[in-house]
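Visitor: Starting from these lines, generate the structure:
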Amino acid sequence: MIQLQNIEYTYPEGTKGLEAVSLQIEQGSRVAFLGENGAGKSSLFLVLNGIHKPQKGKYVLDGKQFGFSTKERKQMAHKVGYVFQDPEVQLFAASVYEDVAFGPFNLDLDRKDIEIRVEKYLNLLRIQELKDKAPHQLSYGQKKQVAVAGVLAMEPEIILFDEPFAWLDNRHKQIMNEIIDDLNKQAKTVLISTHNPDFAYEWADQVILMKEGRIIAAGSPEKIMSNRVLMQEIGMELPLVVQFTKKVGMNKHSRSIQSLLREI
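Guide: As a prediction, this is how the structure comes out:
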């Protein structure tokens with residue numbers, strides 16, 4: 001379980017990243033964070049991953065307060081994985097294989113276990129044939145797959161995705177969807193930052209709306225994302241399925257256009 005109590009974070013140059021942020025996320029949850037650029041979503045993920053140390057507030061993970069010491073931050077890598085929006089931030093090794101192996105190596109696993117993990121996640125992400133290639137030779141979608149494989153190879157219980165579908169073609173979006181679905185089936189806790197209200201409404205069991213470093217609303221997709229005033233406050237339209245049911249006066253609670261059509 002993740003618990004944040006009155007978290008505040010200010011960047012070194014004085015920009016406010018997070019202000020009075022409190023939340024609770026249960027193990028195995030699917031949580032979507034929505035908000036405009038600069039709303040605080042990435043800042044929050046960097047706190048959850050242990051990269052940013054807040055100036056105020058309390059971070060409790062699985063019942064234990066996280067203190068942001070060097071030792072705790074190293075241990076955090078096994079608990080919370082972060083897939084950045086830009087895969088270039090995460091890729092630095094000479095080959096795809098070495099990139100994916102970097103995380104398990106830093107968990108002090110033996111060589112055989114590292115090899116098993118790397119092969120497992122290369123296959124899961126469908127990039128086995130790329131293992132000897134240099135990351136700079138890959139397409140953007142392939143780089144994203146490698147970045148995800150590197151995080152999953154550490155087998156964290158909580159995975160943070162910052163805009164996982166941004167700039168992906170349809171094929172790589174489908175692969176990403178399948179990976180996220182697989183993580184949900186494993187009862188992993190998955191947190192996704194997104195600008196896509198249709199995806200959030202269909203996928204999440206909890207949505208959190210952010211604006212100017214604050215959480216302005218949190219709850220079920222049906223409750224939060226059918227509220228036009230709240231969605232407009234974060235600069236987003238209602239999900240298409242909600243727009244449609246409101247327009248025709250239907251009392252349906254389908255989470256996607258496909259499921260709505262089956263109900264009609």
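Visitor: the strands in the chain, which residues?
Guide: Assigned strands in the chain, in chain order: 2-10, 16-25, 30-34, 56-61, 64-65, 80-83, 158-162, 189-194, 206-211, 214-219 (criterion: DSSP state E).
Visitor: Nearest approach to K131 belongs to which of the ones you listed?
Guide: strand 80-83 (19.1 Å; CB to CB). For glycine as for every other residue, the C-beta is placed from the backbone atoms N, C-alpha and C.
Visitor: that older thread, can you put the strands of the chain in a markdown table and add mean neighbour count?
Guide: Putting the strands of the chain into a markdown table (neighbours: other CB atoms under 10 Å) gives the following:
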| stretch | mean neighbour count |
| --- | --- |
| strand 2-10 | 19 |
| strand 16-25 | 18 |
| strand 30-34 | 25 |
| strand 56-61 | 16 |
| strand 64-65 | 10 |
| strand 80-83 | 24 |
| strand 158-162 | 23 |
| strand 189-194 | 24 |
| strand 206-211 | 22 |
| strand 214-219 | 17 |
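Visitor: Quick one, which of those strands gets closest to N170.
Guide: Evaluated over these, closeness to N170 peaks at strand 189-194, with 16.9 Å, by CB to CB.
Visitor: just the helices in the stretch 151-264 of the chain please.
Guide: 170-185, 197-203, 221-224, 228-233, 240-248, 257-263 (DSSP state H, counting those that start in this stretch).
Visitor: could you dump the strands of the chain to a markdown table with distance to I116 and mean pLDDT?
Guide: As requested, the strands of the chain are exported to a markdown table (distance: least, CB to CB, whole Å; pLDDT from 0 to 100):
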| stretch | distance to I116 | mean pLDDT |
| --- | --- | --- |
| strand 2-10 | 29 | 98 |
| strand 16-25 | 30 | 97 |
| strand 30-34 | 28 | 98 |
| strand 56-61 | 27 | 97 |
| strand 64-65 | 29 | 94 |
| strand 80-83 | 18 | 97 |
| strand 158-162 | 20 | 97 |
| strand 189-194 | 24 | 98 |
| strand 206-211 | 34 | 98 |
| strand 214-219 | 39 | 98 |
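Visitor: how about CSV for those strands, with distance to Y140 added?
Guide: Formatted as CSV, these follow (distance: least, CB to CB, whole Å):
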stretch, distance to Y140
strand 2-10, 30
strand 16-25, 27
strand 30-34, 23
strand 56-61, 32
strand 64-65, 38
strand 80-83, 14
strand 158-162, 15
strand 189-194, 18
strand 206-211, 26
strand 214-219, 31
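Visitor: residues touching A153, list them.
Guide: Taking CB atoms under 8 Å, 6 or more residues apart in numbering as the criterion, A153 is in contact with 100-101, 103-104, 117-118, 120-121.
Visitor: Wait, E88 touches Y140, no?
Guide: No - with contacts defined as CB atoms under 8 Å, E88 does not count as touching Y140, sitting 9.1 Å away.
Visitor: More neighbours: these two, which one.
Guide: Counting neighbours by other CB atoms under 10 Å for E88 and for Y140 shows that Y140 has the greater number, 15 against 12.
Visitor: How confident was the prediction at that one?
Guide: Looking at Y140, its pLDDT reads 95.
Visitor: check contacts around it.
Guide: Taking CB under 8 Å, 6+ apart as the contact definition, Y140 lies against 87, 167-168.
Visitor: So which of the residues you listed wins on neighbours?
Guide: For those, the largest neighbour count, defined by other CB under 10 Å, is 22 neighbours, found at P87.
Visitor: That one and A149: what is the separation?
Guide: The span separating P87 from A149 equals 11 Å under the rule CB to CB, to the nearest Å.
Visitor: circling back to that earlier point, mind checking the helices of the stretch 151-264 of the chain for the one nearest to R126?
Guide: Nearest to R126 among those is helix 170-185; the distance by CB to CB comes to 6.4 Å.
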